[in-house]
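S.K.: let's see this in three dimensions:
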Amino acid sequence: MSAASPAASLRHDATVISIVGFVHGTSHFFHFMFPPLFPWLMVDFGLNFTQVGLTMTMFFVVSGIGQALAGFLVDKVGALRVLYGGIGLLALSGFALSAAQNFPMLLLAAFFAGLGNSVFHPCDFTLLNRRVSPTRLGHAFSVHGLSGNLGWAVAPVMLTMIATASGWRLAGIAAGCVGVFALGVLLLNRRLLVDVKPVHDAARAAGNTFDFLRSPTVWFCFTFFFIVTLAFGALQNYSAPIFERVYAVSIPVAASALTAYLLASAAGTATGGFIASRGETQDRTVAIALAVAALAAALLASAALPAAMLPVLMATMGFCVGLSAPSRDILVRRAATSAFGQRAFGRVYGFTYSGLDVGFAVAPLVFGPLMDAGRYSHVLWGAATLQLFAIATALTVGSRSRSPRPESPEGGKP
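M.R.: As a prediction, this is how the structure comes out:
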């Protein structure tokens, strides 16, 4: 970016952060396009829980594969163009859902949604890294994560209300309109988001397209996201029935504990932005936060405390997980630039963040059998253990990215 007054720079950064945050919230909105409508879809199409759940399996499988590939496209044609396509596909998925006449058409809508969702992490983080001042990246990543949580919160309420009042098809149309509106916001502000690529040797960059896959740090980042999301997926999917059975509380009380987790996670993400940009100790911040989260999960699993502590323990866990998120994103940025410079932002972010989708897709396969076997507390012990593994991977990434030894397979500097 060209030199500008502090006020102009702040205004520019705030605008970019707000726009990218808004479109990220839109992607999270579409994460929950299908689940609130399950009761209506099951009745109209004669589906069981397993069948209707396949829509989400389709979504996350397509999103995971697509995210790993979208990073290459971002590095080649620019983040903004790819983001246009992703939002367009999300809008299309809403309209396709509203027009569905059978189960395969539902899966097609889920396919469009997953493909559209796949572009957001490589696009968003590339734009933020290149269009926001480095000193404000911690806040940028904080807003990015917080907006995603808000997207999750808005979708179930909005779509359930519309489906209850006017049917699920109108809810699908409304979701499509959300995508169209987000695309309009992006187009109106496109001049602020022009993807300025770093100057580098184009021939060398083309020859090194897949070198990042030979970097152990990149694989540690992918593993970190997979592990963290696997733990969160267990809580998101099963915490309410687990608490109902282990603590003998009602479903509303059990659900309120998950709500406490999500709200506290948003608060933690907002707070984490003030910590993430300081120094190069992001891995330690992540480690400390996840250690406290793991302790809270272990206390939940042990059932040593009364049921009244459920919301407190879940809120503690949520706050700590949220607090770690901006530092986690800074950590991935440092890991990427320490080995490859800025030329591989799209590829590195796309591949490492695909671990999120893989974690969401795998969580039901890992923890579902434990639930079916009645081993409810084992799911919570699993979540606690996974967070301990995540600490180890975060510390490893931090150590490697601080090392003066370049990790590029050619041994050259970025």
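S.K.: what about the stretch 201-350 of the chain, any weak spots by pLDDT?
M.R.: Applying pLDDT under 70 to the stretch 201-350 of the chain flags residues 201-209, 336-344.
S.K.: let's see 90
M.R.: Low-confidence segments of the stretch 201-350 of the chain, defined by pLDDT under 90: 201-221, 224-225, 228-246, 248-267, 269-284, 303-305, 321-322, 325-350.
S.K.: now do the helices in it.
M.R.: Using DSSP state H, counting those that start in this stretch, the helices found in the stretch 201-350 of the chain span residues 202-207, 216-246, 251-276, 282-302, 310-340, 345-372.
S.K.: Ser93: which of the ones you listed is closest?
M.R.: Comparison of those against Ser93 by C-beta to C-beta identifies helix 345-372 as nearest, at 15.7 Å. Any C-beta I mention is one placed from the backbone N, CA and C, and that applies to glycine too.
S.K.: what is the next helix or strand after the closest one packed up against?
M.R.: Sequence order places helix 376-402 as the next helix or strand after helix 345-372, per DSSP states H and E. Applying 3 or more C-beta pairs under 8 Å, 6 or more residues apart in numbering; DSSP states H and E, one finds that helix 376-402 makes contact with helix 216-246, helix 282-302, helix 310-340, helix 345-372.
S.K.: dump those to a markdown table, plus distance to Leu388 and mean neighbour count.
M.R.: Below are the helices and strands packed on helix 376-402 laid out as a markdown table (distance: least, C-beta to C-beta, whole Å; neighbours: other C-beta atoms under 10 Å):
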| stretch | distance to Leu388 | mean neighbour count |
| --- | --- | --- |
| helix 216-246 | 9 | 22 |
| helix 282-302 | 5 | 22 |
| helix 310-340 | 13 | 25 |
| helix 345-372 | 16 | 22 |
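S.K.: among those helices, which is nearest Tyr261?
M.R.: Checking the helices and strands packed on helix 376-402 against Tyr261 by C-beta to C-beta gives helix 310-340 as the closest, at 3.7 Å.
S.K.: show me what the closest one is packed up against.
M.R.: Helix 310-340 is packed against helix 120-131, helix 137-166, helix 216-246, helix 251-276, helix 282-302, helix 345-372, helix 376-402, with contacts defined by 3+ C-beta pairs under 8 Å, 6+ apart.
S.K.: let me know which of those is the nearest to Ala79.
M.R.: Going by C-beta to C-beta, the one of the helices and strands packed on helix 310-340 nearest Ala79 is helix 120-131, 4.2 Å.
S.K.: list the contacts of the closest one.
M.R.: For helix 120-131, contacts defined as C-beta atoms under 8 Å, 6 or more residues apart in numbering pick out 1, 12-13, 16-17, 20, 23-24, 27, 67, 70-71, 74, 79-80, 82-83, 86, 137, 140-141, 144, 192-193, 195-198, 329, 332-333, 342, 345-347, 349-350, 353, 356.
S.K.: do you know the pLDDT at the residue most central in space within the chain?
M.R.: In the chain, the centroid-proximal residue (C-alpha atoms, centre = their mean) is Leu356; its distance is 6.2 Å. Listed pLDDT for Leu356 reads 86.
S.K.: then Asp13?
M.R.: With respect to pLDDT, Asp13 has a value of 92.
S.K.: sorry, back to before: Serialize the helices of the stretch 201-350 of the chain to CSV and add fields for distance to Ala384.
M.R.: Shown next, in CSV, are the helices of the stretch 201-350 of the chain (distance: least, C-beta to C-beta, whole Å):
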stretch, distance to Ala384
helix 202-207, 42
helix 216-246, 8
helix 251-276, 14
helix 282-302, 4
helix 310-340, 9
helix 345-372, 13
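S.K.: which of the ones you listed sits closest to Phe49?
M.R.: Of all the helices of the stretch 201-350 of the chain, helix 345-372 sits nearest to Phe49, with 11.0 Å by C-beta to C-beta.
S.K.: what angle do that closest one and helix 216-246 make?
M.R.: For helix 345-372 against helix 216-246, the angle by axes from the mean of the first three to the mean of the last three C-alpha atoms, to 10 degrees is 30 degrees.
S.K.: by contact count, what packs against helix 345-372?
M.R.: For helix 345-372, the elements it packs on are helix 49-77, helix 120-131, helix 216-246, helix 310-340, helix 376-402, judged by 3+ C-beta pairs under 8 Å, 6+ apart.
S.K.: repeat the analysis, applying 6 Å as the threshold.
M.R.: For helix 345-372, the packing partners by 3 or more C-beta pairs under 6 Å, 6 or more residues apart in numbering; DSSP states H and E come out as helix 49-77, helix 120-131, helix 216-246, helix 376-402.
S.K.: between the helices and strands packed on helix 376-402, which one is closest to Ala276.
M.R.: helix 310-340 (3.8 Å).
S.K.: can you give me how far that closest one is from the chain middle?
M.R.: Centre-to-centre, helix 310-340 and its host chain are 11 Å apart (C-alpha atoms, centre = their mean, to the nearest Å).
S.K.: how far off helix 282-302 does it point, in degrees?
M.R.: Going by the same axes, to 10 degrees, helix 310-340 makes 150 degrees with helix 282-302.
S.K.: could you tell me the angle between helix 310-340 and helix 251-276?
M.R.: Using the same axes, to 10 degrees: helix 310-340 against helix 251-276 is 40 degrees.
S.K.: before we move on, back to that, relative to Leu92, which of the helices and strands packed on helix 345-372 is closest?
M.R.: helix 49-77 (13.5 Å).
S.K.: who are the packing partners of the following helix or strand past the closest one?
M.R.: Using DSSP H and E, the helix or strand that follows helix 49-77 in sequence is helix 79-99. Counting contacts by 3+ C-beta pairs under 6 Å, 6+ apart, helix 79-99 packs against helix 103-117, helix 120-131, helix 168-188.
S.K.: and the last one, what does it pack onto?
M.R.: Helices and strands in packing contact with helix 168-188 are listed as helix 79-99, helix 137-166; criterion 3+ C-beta pairs under 6 Å, 6+ apart.
S.K.: buried set for the last one?
M.R.: What that stands for is helix 137-166. Under the neighbour-count criterion of 16 or more other C-beta atoms under 10 Å, helix 137-166 has 137-155, 158-160, 162-163 buried.
S.K.: cool, the shortest one as well?
M.R.: By neighbour count on 16+ other C-beta under 10 Å, the buried set for helix 79-99 is 79-98.
S.K.: now the angle from it to helix 120-131?
M.R.: Going by the same axes, to 10 degrees, helix 79-99 makes 150 degrees with helix 120-131.
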